[in-house]
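**Q** Sequence plus the predicted model coming up.
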Number of protein chains: 2
Amino acid sequence: MDKTGFRIKYPSSRKVYVKGERHDIAVGMREVSLADTVRVDAAGGKVAEANKPVRLYDTSGVYSDPDIPIDIRKGLQPLRDAWTAGRDDTERLAGVSSDYCRKRLADATLDAIRFPIVNLPRRAKAGRNITQMYYAQQGIVTPEMEYVGIRENIPPETVRDEIAAGRAVLPANINHPEAEPMIIGSRFLVKINTNIGNSVLSSGIEEEIEKAVWSCKWGGDTLMDLSTGENIHETREWIIRNCPVPVGTVPLYQALEKADGDISRLSWEIYRDTLIEQCEQGVDYFTIHAGLLRSSLPLIKSRTTGIVSRGGSIIANWMSLRQEENFFYTRFDEICEILKQYDVAVSLGDGLRPGSMADANDAAQFAELEVLGELTRTAWKHHVQVLIEGPGHVPMHKIKANMDEQIKHCHGAPFYTLGPLTTDIAPGYDHITSAIGAAQIAWYGTAMICYVTPKEHLGLPDKEDVRAGVVAYKIAAHAADLAKEHPGAQLRDNALSKARFDFRWRDQFNLSLDPEKALEYYKAGRLGDESDHCTMCGPHFCAMKLTKGIADCAKDEEL
Amino acid sequence: MDKTGFRIKYPSSRKVYVKGERHDIAVGMREVSLADTVRVDAAGGKVAEANKPVRLYDTSGVYSDPDIPIDIRKGLQPLRDAWTAGRDDTERLAGVSSDYCRKRLADATLDAIRFPIVNLPRRAKAGRNITQMYYAQQGIVTPEMEYVGIRENIPPETVRDEIAAGRAVLPANINHPEAEPMIIGSRFLVKINTNIGNSVLSSGIEEEIEKAVWSCKWGGDTLMDLSTGENIHETREWIIRNCPVPVGTVPLYQALEKADGDISRLSWEIYRDTLIEQCEQGVDYFTIHAGLLRSSLPLIKSRTTGIVSRGGSIIANWMSLRQEENFFYTRFDEICEILKQYDVAVSLGDGLRPGSMADANDAAQFAELEVLGELTRTAWKHHVQVLIEGPGHVPMHKIKANMDEQIKHCHGAPFYTLGPLTTDIAPGYDHITSAIGAAQIAWYGTAMICYVTPKEHLGLPDKEDVRAGVVAYKIAAHAADLAKEHPGAQLRDNALSKARFDFRWRDQFNLSLDPEKALEYYKAGRLGDESDHCTMCGPHFCAMKLTKGIADCAKDEEL
């Protein structure tokens, strides 16, 4: 595999690190340098005025630091391992704990696709609680908390308080020390999740890592690996070892693979072993559809699109076939007992999210949400961090009720929604139908929005689809940050708009979410020169150019 | 030029016409036929259940009617000419009234690019008022009003009442009889405008007609021709004669061309002649920046991006150079006297719309809006129909105030906004940043939203950019129709979602905003067969497929 092809370069940008005050930490940021603003003074001379560089939140990890060598066969440096070790409440195990992982490690036919280094997992020492929520409730500001505080320019005590109250989640499996700490909560910048994953129909390991790094390049804050095809275990290992952002999964998918796709054979034992396998690999959060109860199944009858959650449909089928209650629900305490030994967060899945306008905000959906609220309390009893998943397909006038109901039932746990799509009629453009809904629900308080690509409903996204989806969601998230008047969010807009007004084209593009695309479009319309107008209006009719010529509304210093 | 290349085809669709009850009119619609839903009954047999065809609002005119020949050298049939003639309050002139048009017609060097047929214009008879607003106020339901009533499934009396009150505009220049009537008002379906136009840097006549038809194909409701380059007059003639939707312009652009681009030489006389020229060609509405007064110029000083409206910057410059008040404002009564002779609507331009988050909702913007309210009263005194233009760049939490202020100051005249863009940081994706804002402001009551393409801020859109912009805005408009609970708006979503759940892939695509794109994406991920799962999940994990297998939540008739 190519050792350098994964390097990320942003134009006119350098990686800077801000040191911690309490802990030995260095928070990476992207600093964009800008050209001078050139003004014409009263005498007709040119006066240059420096523009300060702009620091941007950076999800690209060391992939954008040219001083750090990248080798995907070695994986990223385990940044957080020393912090975990320093707390002395975990232990390095002598071997892996899951049967499945042991079997895979012993299978020589997998050597060719296996990640070359075998790391022994960490686990909490007996009787110790090691979750960030637990630490926060003890009043401790961990290095992870200070890190995200610096990253978001928010006091570390606020970070701690929000985590302690359950209003924010800092996903940080001790077995994914390569991930840079980030935080999900309504007081913080809105985050976006991206999904990757091979299915039986496509995709290989290298392509998946490429997509993961690609997602980080464009601004993905977390990454869900939704693989359902061959070699899930090995693919995931490669991804986690090379992923600078938290990784989530739906363990049920793999559990079902282990049952040879036969839902009736799914069992708590298979699922439990899968949880342990993935906890020890370093998955940072699990989507678990524990709120979908048997009593809700009759509510599906009147729906237009039934169940559209993969996990939801699997567990619903299981309940129906076995005539038993959802074992995620009945075993939820046991699940939390496992998760808390690794500080894996639980993302309570909305198996009954609506899949169409017709089904939005129906009884099935809200019945499940109430159960998710009950499960939140259970998880918090174990100090397990909790996210609540939300819809789906919802027309605009019904979006706010989703946020209100979530707040009402789920005790302030962060909301994490898929869109919502605001109409059903645009397959091929659902990154847009859903960015409209995502921007709104994030403004109302949703902490993380799960991206949707143009291929939603149609097929698996390729790299360009991932880029389109991530950028659409960065737009939605940033629009919400602005609407929430998040401190500092507008600085980037202001710097970019000033560059636009100054005709500093390169600065405008370098500050944008996708500098490459902006430059490509800009170049397509002109003969190569950079000048004081754009191709939209031509040289004679540029409004901003004309503004500068109006004495009556010129800035005072220009006169 | 190609005589058939402009034909529009929609899959599994046919053109149907609904006859009027009061007038001899036939309203074109697109009817999509659907396959049967196939259910499995208790005995395991297959039962087919027919799905009714779905009728869709259709902006494509006769381009999608295979029975009507298309020849762009002849133009479309003058559908509305008999209706106008039947009212006997207009007269066919013996020649054109503008000096400029006379000169162009006399110039033999233009023969090669001239539209082959010269139509003599119509004008109101002396002392007669012929605007749709005037008729409505007299209690008359015109054929135009019945037409839009049928088109939107709204009683013709409601159409009349809304036009009479100024809350809706039916743009219908008597010299553009080729246009099919449509209506712009908050009680009706949200409309979208698209912009085309050559500039000095690009584009030819045929390409512009292609773009116009292309815009109609994807769902553009009106079309603004913003040309600023060579042969504006002749290009516009080709477009209007072949355009089945209302056409708008900013006459100032051409007036400035006539002054050789020298703003100081702009005059009322040049502008007046341009208005008459365009009224007689058939332009349906004019953007006029009459609300930007000298007193507002000092308010620009503190702005980040000054003036971003082309028209606004030109007239601001003129005021500054001439030290005179805006002649659009001082001559507004005279302007209305001209417009009402042809029933041209005025779209009061927002020359001071904000061009950045930093400038949103500032004093300059709202000062102009108040003047637009005053001008609305003046236009209505002449029974001239009025649209009010709005921003621009506005963060989400400041969007509602725009609608509220518009309603407060502009007496219910329809609001027509450009986006608004909800962040400045995504050049290359401003169809998305603005679709987010457009969906919201349309939900709040904006009647028409002006599309933005991915090339906004960067260059002129090509055909694919136009398609991307139109579809993004159809999404925003439809999302708003759903949120406003417009009667019948959700039928299309419901039919599409049912098709999705039934795995009737073709029906799903045929009902979508862009069937070609959906099919293209669908095909990209599979080997050609159409089956009961999509490539996202693969055959084993499809949620909707699994739902069907769950006895406990199956529809009763399936058991």
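**A** Arrived safely, thanks for sending.
**Q** Just the buried residues of the worst-scoring helix or strand of chain A on mean pLDDT, please?
**A** Of all helical and strand segments in chain A, the minimum by mean pLDDT, DSSP states H and E falls on helix A:543-548, at a mean of 80. For helix A:543-548, the neighbour count (16 or more other CB atoms under 10 Å in any protein chain shown) marks A:543, A:544, A:545, A:546, A:547, A:548 as buried. (C-beta placed from N, C-alpha, C; glycine too.)
**Q** The fifth one is in contact with residue B:313, isn't it?
**A** Yes. Assessed by CB atoms under 8 Å, residue A:547 is found in contact with residue B:313 at 5.4 Å.
**Q** does stretch A:30-49 come close to chain B?
**A** No. Judged by CB under 8 Å from any CB of the partner chain, stretch A:30-49 makes no contact with chain B; its nearest approach is 11.5 Å.
**Q** before we move on, what about stretch A:249-259?
**A** Yes. With CB under 8 Å from any CB as the criterion, chain B is reached by stretch A:249-259 at A:253, A:256.
**Q** Convert that stretch to CSV, retaining C-alpha atoms only.
**A** C-alpha atoms of stretch A:249-259 as CSV (Å, rounded to 0.1, in the frame of the first residue of the first chain):
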residue,chain,number,x,y,z
THR,A,249,-20.3,0.8,14.7
VAL,A,250,-23.6,-1.2,14.8
PRO,A,251,-22.3,-4.4,16.4
LEU,A,252,-25.5,-6.2,15.4
TYR,A,253,-24.4,-6.2,11.8
GLN,A,254,-21.4,-8.3,12.6
ALA,A,255,-23.3,-10.5,15.0
LEU,A,256,-25.7,-11.3,12.3
GLU,A,257,-22.9,-12.2,9.9
LYS,A,258,-21.7,-14.6,12.6
ALA,A,259,-25.1,-16.2,12.6
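**Q** picking up where we left off before, okay, and the common contacts of residue A:547 and residue B:313?
**A** Jointly contacting residue A:547 and residue B:313 under the rule CB atoms under 8 Å, 6 or more residues apart in numbering or on different chains are B:306, B:307.
**Q** Leaving out chain neighbours, which residue sits closest to residue A:15?
**A** Take residue A:15 and drop its neighbours on the chain: the residue closest to it by CB to CB, 6 or more residues apart in numbering or on different chains is residue A:65, 4.2 Å away.
**Q** For the stretch 201-350 of chain A, what lies in contact range of chain B?
**A** Going by CB under 8 Å from any CB, the residues of the stretch 201-350 of chain A near chain B are A:201-202, A:228-229, A:253, A:256, A:261, A:263, A:294, A:297-301, A:304-310, A:312-314, A:316-317, A:319-320.
**Q** Show me the helices in the stretch 251-400 of chain A, by range?
**A** Secondary structure of the stretch 251-400 of chain A (DSSP state H, counting those that start in this stretch): helices at A:251-258, A:268-281, A:310-322, A:327-330, A:332-339, A:363-381, A:399-410.
**Q** Would you mark the buried spots in the second one?
**A** Under the neighbour-count criterion of 16+ other CB under 10 Å, helix A:268-281 has A:270, A:271, A:272, A:273, A:274, A:275, A:276, A:277, A:278, A:279, A:280, A:281 buried.
**Q** List the contacts of the second one.
**A** Right, the one you point to is residue A:271. Shown in contact with residue A:271 (CB under 8 Å, 6+ apart): A:251, A:252, A:255, A:327, A:328.
**Q** Out of the residues you listed, flag the one nearest to chain B.
**A** Distance ranking of the contacts of residue A:271 against chain B, using CB to the nearest CB, places residue A:252 first at 9.9 Å.
**Q** Residue A:289 is in contact with that closest one, correct?
**A** Yes. Judged on CB under 8 Å, residue A:252 makes contact with residue A:289 at a distance of 7.1 Å.
**Q** what residues are shared contacts of the two?
**A** Between them, residue A:252 and residue A:289 share the contacting residues A:311, A:315, judged by CB under 8 Å, 6+ apart.
**Q** what about residue A:293, how many residues close to it?
**A** Neighbour count of residue A:293, defined by other CB atoms under 10 Å in any protein chain shown: 19.
**Q** And for the one 3 residues further on?
**A** Residues within reach of residue A:296, counting by other CB under 10 Å, total 24.
**Q** Show the contacting residues for it.
**A** A:352, A:364, A:367, A:368.
**Q** What separation is there between it and residue B:251?
**A** Noted for residue A:296: a distance of 61 Å to residue B:251, by CB to CB, to the nearest Å.
**Q** and what of residue A:322?
**A** Distance, residue A:322 to residue B:251, by CB to CB: 73 Å.
**Q** ditto for residue A:393
**A** Distance from residue A:393 to residue B:251, counting by CB to CB: 44 Å.
**Q** between those two, who's got more neighbours?
**A** Taking neighbours as other CB under 10 Å, residue A:393 and residue B:251 compare with residue A:393 leading, 29 against 25.
**Q** List the contacts of residue A:403.
**A** Counting by CB under 8 Å, 6+ apart, residue A:403 makes contact with A:415, A:441, A:444, A:445, A:446.
**Q** part of a helix, is residue A:91?
**A** No. Read with DSSP: H, G, I helix; E, B strand; the rest coil, residue A:91 is strand and lies in no helix.
**Q** For it, which non-adjacent residue is spatially closest?
**A** Spatially, and ignoring its direct neighbours in sequence, residue A:91 is nearest to residue A:125 (5.4 Å; CB to CB, 6+ apart).
**Q** now swap in residue A:478 and tell me
**A** residue B:423 (5.1 Å).
**Q** How about the contacts made by that neighbour?
**A** When contacts are counted by CB under 8 Å, 6+ apart, residue B:423 touches A:475, A:478, A:479, A:482, A:493, B:357, B:395, B:433.
**Q** tell me which element it is part of?
**A** Assignment of secondary structure by DSSP states H and E places residue B:423 within no helix or strand.
**Q** again, but for residue A:30
**A** Going by DSSP H and E, residue A:30 is part of strand A:26-32.
**Q** If you count neighbours, what's buried in that strand?
**A** Buried residues in strand A:26-32, counted by 16+ other CB under 10 Å: A:27, A:28, A:29, A:30, A:32.
**Q** do stretch A:5-19 as well
**A** A:6, A:7, A:8, A:10, A:12, A:13, A:15.
**Q** can you list the weak-confidence ranges in the stretch 51-200 of chain A?
**A** Scanning the stretch 51-200 of chain A with the threshold set as pLDDT under 70 gives A:198-200.
**Q** just the helices in the stretch 1-150 of chain A please.
**A** Going by DSSP H, counting those that start in this stretch, the stretch 1-150 of chain A shows helices at A:81-87, A:99-106, A:132-137, A:143-152.
**Q** Show the backbone phi and psi for residue A:52.
**A** Here is the backbone geometry of residue A:52 (degrees, to the nearest 10): phi -60, psi 140.
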